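Novice: With the sequence up front, the predicted model follows.
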Amino acid sequence: MENLSNKRINLVKVNIEYYFIFIITVLLLVIGMVMVSSASMPFGENYFNDAFYFIRKQIIWSVISLALLFIFSRIDYHKIARISNFLILISIGLLAIVLIPGIGIEIGGSRRWINFPFFDPQPSEFVKLAVIVYLSDILNKKYRDIYKIKTILFPAFIFLLTATFLIFMEPDFSVGVTMWIIVFILLFVGEVKFKHIIGIGLTWIIFSIGYLFLENYRRERILAFLNKGGEASGSNFQISQSLIALGSGSLFGVGLGNSLQKYSYLPEANTDFIFSIIGEEFGLIGTVFVVVLFILFAFFGIRIAIKAKDYLGRMIAIGITSLVTVQAILNIAVSVGARPVSGMTLPFISLGGSSLMSMMIGVGILLNVSKYKIYTANEEKWEEES
């Protein structure tokens, strides 16, 4: 019989959090396909004379996204971190390409998509993921000198500010806000001095306020949000219709497919305000179920971060968990009228290929962090592979 004592045998140990994150993600994905099917039919009929136009696209994106999840769950996150500089440079390049007329697609006054033959990717969705990996890698390399702010600011923040400037040029303020919330979370968890985080935060707030009041429509949105009594036909129209949808659902909802607000009353019913359609068709029960799923995702994502075998894994896990959770909070907050209207999709649920793919890639990386490789090599006991 062949002697196996001198051979190194690799196994993969999967934490229980791996299965919970995977199941929660699949549940949210299924909810998304069902709700996009319901909310998109009027739009498909009106714009393409095909009620199932968006449904077919979402199914294709979901299948591709699941494949990406499985692929990235098998790629060692250390290998992804090694090319983080390349990823952030590619991301900045794509953001710049979007602004070129004829290449970037302009919809509703925003130029956020690249004109490809079969798919119009939105680079800003992938930039958020690239920033998480890039900053996690920077912090991992510098963590022994974490209190020297220069080692964090340069070159990391040169790239981050460049990406932010290009995102604001689209314009897409909501993506910029989401990205920087995650950056501050990573800095805090990464044990950067609090006074440095405060200094960066104050600078960001001043810059953001100036940007918000630079354009009339952004000022109107803020003033409309502060003036909840403004006319429904003005800037408060979307939130008013969203609240009507949520209120119409009551406890159990009006039933799948029976929403009235999706018939041109509620703008972006299949993307930014799909949570409102969930509330209308499935009531409070349906919205609470979705919220609980996101809470569970955050809980098990944090557990993966705590159990991560190294600093890099912990930072990436926190970043991806924050990405999903923060974006869900911001989207739901708009739907219930708790913050001004902004173009923010609900993770895994809203219609959109770029958002769905980037989120599923992120979950795949998160699942990889939750894995442990162990081996035997002339020893009787199992050891964790470093």
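Specialist: Ah, there it is.

Novice: After the helix or strand harbouring Leu243, heading C-terminal, what element do we hit next?
Specialist: With secondary structure defined by DSSP states H and E, Leu243 is part of helix 237-249. Tracing the chain past helix 237-249, the next element assigned as helix or strand by DSSP H and E is helix 274-307.

Novice: The helix holding Leu243 versus helix 274-307: what angle between them?
Specialist: Angle of helix 237-249 versus helix 274-307, following axes from the mean of the first three to the mean of the last three CA atoms, to 10 degrees, is 90 degrees.

Novice: so what does helix 237-249 touch, helix or strand wise?
Specialist: The contact analysis (3 or more CB pairs under 8 Å, 6 or more residues apart in numbering; DSSP states H and E) places helix 237-249 against helix 274-307, helix 311-335. Every C-beta, even on glycine, is put in place using the N, C-alpha and C of the backbone.

Novice: And the ones you listed: which comes nearest Gly109?
Specialist: Closest of the helices and strands packed on helix 237-249 to Gly109 is helix 311-335, at 18.3 Å (criterion: CB to CB).

Novice: Check which helices and strands the closest one sits against.
Specialist: Counting by 3+ CB pairs under 8 Å, 6+ apart, helix 311-335 packs on helix 77-82, helix 123-142, helix 173-189, helix 237-249, helix 274-307, helix 353-369.

Novice: rerun at 6 Å
Specialist: Secondary-structure packing of helix 311-335 (3 or more CB pairs under 6 Å, 6 or more residues apart in numbering; DSSP states H and E): helix 123-142, helix 173-189, helix 274-307, helix 353-369.

Novice: Show me where the stretch 1-150 of the chain has its strands.
Specialist: Ranges of strands within the stretch 1-150 of the chain are 9-14, 104-107, 110-114, based on DSSP state E, counting those that start in this stretch.

Novice: for the helices and strands packed on helix 237-249, which one sits closest to Ser110?
Specialist: Across these, closest to Ser110 is helix 311-335 (CB to CB), at 16.4 Å.

Novice: can you pull the buried residues of the closest one?
Specialist: By neighbour count on 16 or more other CB atoms under 10 Å, the buried set for helix 311-335 is 312-332, 334-335.

Novice: do the same with stretch 237-257
Specialist: 237-246, 248-249, 253-254.

Novice: Mind checking the pLDDT average for that stretch?
Specialist: Mean pLDDT, stretch 237-257: 89.

Novice: same thing with stretch 220-228?
Specialist: On average, stretch 220-228 scores 69.

Novice: Use 37 as the first number for this chain going forward.
Specialist: Sure, I'll start numbering at 37, so the last one becomes stretch 256-264.

Novice: separation between the closest residue in space to Trp240 that isn't next to it in sequence and Ile241?
Specialist: Among residues not flanking Trp240 along the chain, Trp216 sits closest, at 5.9 Å (CB to CB, 6 or more residues apart in numbering). In this view, Trp216 and Ile241 are 10 Å apart by CB to CB, to the nearest Å.

Novice: do the same with Lys164
Specialist: Distance of Lys164 to Ile241, given as CB to CB: 20 Å.

Novice: Looking at those two, which is more packed in?
Specialist: Each of Lys164 and Ile241 has its neighbours counted (other CB atoms under 10 Å); Lys164 has more, 26 against 11.

Novice: Could I get the contacting residues of that one?
Specialist: Applying CB atoms under 6 Å, 6 or more residues apart in numbering, we find Lys164 in contact with Met215, Leu359.

Novice: what's the distance between it and Arg92?
Specialist: On the measure of CB to CB, Lys164 and Arg92 end up 27 Å apart.
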